[in-house]
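**Q** Structure, please.
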Amino acid sequence: MRPGKRNLITDVAGLRVGNAADARVKTGATVLLGEVPFVAAVHVMGGAPGTRETDLLAPDKTVQEVDALVLSGGSAFGLDAASGVVDALRAQGRGFDVGGQKVPIVPGAIVFDLINGGDKDWADNPYKRLGREALADAGEVFALGTAGAGTGATTADLKGGLGSASLVLENGVTVGALVVVNAVGSATGPEGQFWASPWEFGGEFGGRGPVTGFDPGAAPVTKLTPRGATTIAIVATDAALTQAQATRMAVAAHDGMARAIHPSHTPHDGDLVFAAATGARALSDPVADPMLLGHAAATCLARAIARGVYAATPAVNDPFPTWAARFGMP
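**A** Take a look at the predicted model:
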C-alpha cells in the first residue's frame, strides 16, 4: 500500500471536498460530495455525539445511498450546515425522488468548538451559509489544518485541524480518510512526536519518529474543558460495498483514531466515523478484501489525524499553540 497521488480522500475517484470558514467566529464546515449518490454508513464510539440523519444509514433502512456528508463546527448550531447543503443540492436537481420531489440525503456530524477564542455572539446562525459555501468550494484539492470544519479545532494541548490521507492497495482499490481533529486527548507525546508515527509515509507529518519521553503509568494529557471536544471522520473507498460492509469499515477505522489520539472515545468526545463507498471496483475476494479495507481505513485515519494537527496555522486568540510553533524546526 502506498499513498495516492494527492494523499487526500479525493484520490477516491468521484469524490470532492469543499471547505468554508468564518475567521471571526473561528469555525467552519466541510462537505464531502459525490458526483453521483454513494453508499454510506456510520459508527459512533464517543459518548457525546451530535448528528443529523444518521439513523437512515443503518443497513435495514430504505435509503441506501446519500448525496453528500457534512462535517461542521458549532456544536448543535453546526447541524444547520447540512441544511445549507440540502438546499443547494435541491436547487441543482439532486436528491432522492419521492413522487417527483427531490430530497437530497445529507447526513452530518458536528464538533464542539464554542470555547476556542472566536466571537460566538452571532445574531443569525452562520452554519447554513457555511454549508452552502463549502459545497460551492468542492473540488479534488483542498486545504488541511486550519480550514473548513477544522478551523477552530483543538486537542488537549495543541491546535487541531482538518486532516486527510489516502492509500492505494495492491489490488488497485483506493481508500481515503477525512477528519476534524478536536479531541479531549492529545495527538502527540510530550516531545512532539505523533502517536500515529508508526503509520507515517515519507515524512508526511514531520518524520519525527516514534513517541519518546512517555510514561505509560502517567495520567493522559486532556483538555481542562473536556466538553470542548469530538473527532469526526469519513473513510471512503472506490470498492463496491453494501451498507453492512461499509458499516464494518467504519467500525474498523476507529482503530486508527485510537492509534492517533490518546485517549480517544471518551465520555466527553462524540467520536464518529462515516464510511463512503462509490462502488467503482468490485471486490476480488469477498472474504479477504473487507478485512484489508478495514485495515487500510484505520491506517489512513491515523495518518489523517496527525496531518490535520501538523498542518494547523495560528490565528488571533488561539487557546493553544500550533504543532509547528511548539515543536517545529526553528
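**Q** Show me what Ala68 is bridged to.
**A** When bridges are taken as DSSP bridges, the partners of Ala68 come out as Leu33.
**Q** which residues does it contact?
**A** The contact partners of Ala68, taken as CB atoms under 8 Å, 6 or more residues apart in numbering, are 31-34, 85, 89, 104, 106, 135. Bear in mind the C-beta positions are built from the backbone N, C-alpha and C, glycine included.
**Q** What's the separation between it and Ala183?
**A** As defined by CB to CB, to the nearest Å, Ala68 lies at a distance of 25 Å from Ala183.
**Q** Angles on the backbone of Ile305, please.
**A** The phi/psi pair for Ile305 (degrees, to the nearest 10) reads phi -60, psi -50.
**Q** Nearest to Asn116 among the contacts of Ala68?
**A** Within the contacts of Ala68, distances to Asn116 taken as CB to CB reach their minimum at Val31, with 21.2 Å.
**Q** Count the residues that sit near the closest residue to the closest one other than its chain neighbours.
**A** Across the structure, with CB to CB, 6 or more residues apart in numbering as the measure, the residue nearest Val31 apart from its sequence neighbours is Ala134 (4.3 Å). Burial of Ala134 is recorded as 32 neighbouring residues (other CB atoms under 10 Å).
**Q** for the host helix or strand of Ala134, packing partners?
**A** Following DSSP states H and E, one finds Ala134 within helix 127-136. Contact here means 3 or more CB pairs under 8 Å, 6 or more residues apart in numbering; DSSP states H and E; on that basis helix 127-136 packs against strand 15-22, strand 27-44, strand 65-72, helix 81-91.
**Q** okay, the angle between the first one and strand 65-72?
**A** The reference is to strand 15-22. 30 degrees (axes from the mean of the first three to the mean of the last three CA atoms, to 10 degrees).
**Q** pLDDT (mean, whole number) over strand 15-22?
**A** Per-residue pLDDT values over strand 15-22 give a mean of 97.
**Q** which helices and strands does it pack with?
**A** For strand 15-22, the helices and strands in contact under the criterion 3+ CB pairs under 8 Å, 6+ apart are strand 27-44, helix 127-136.
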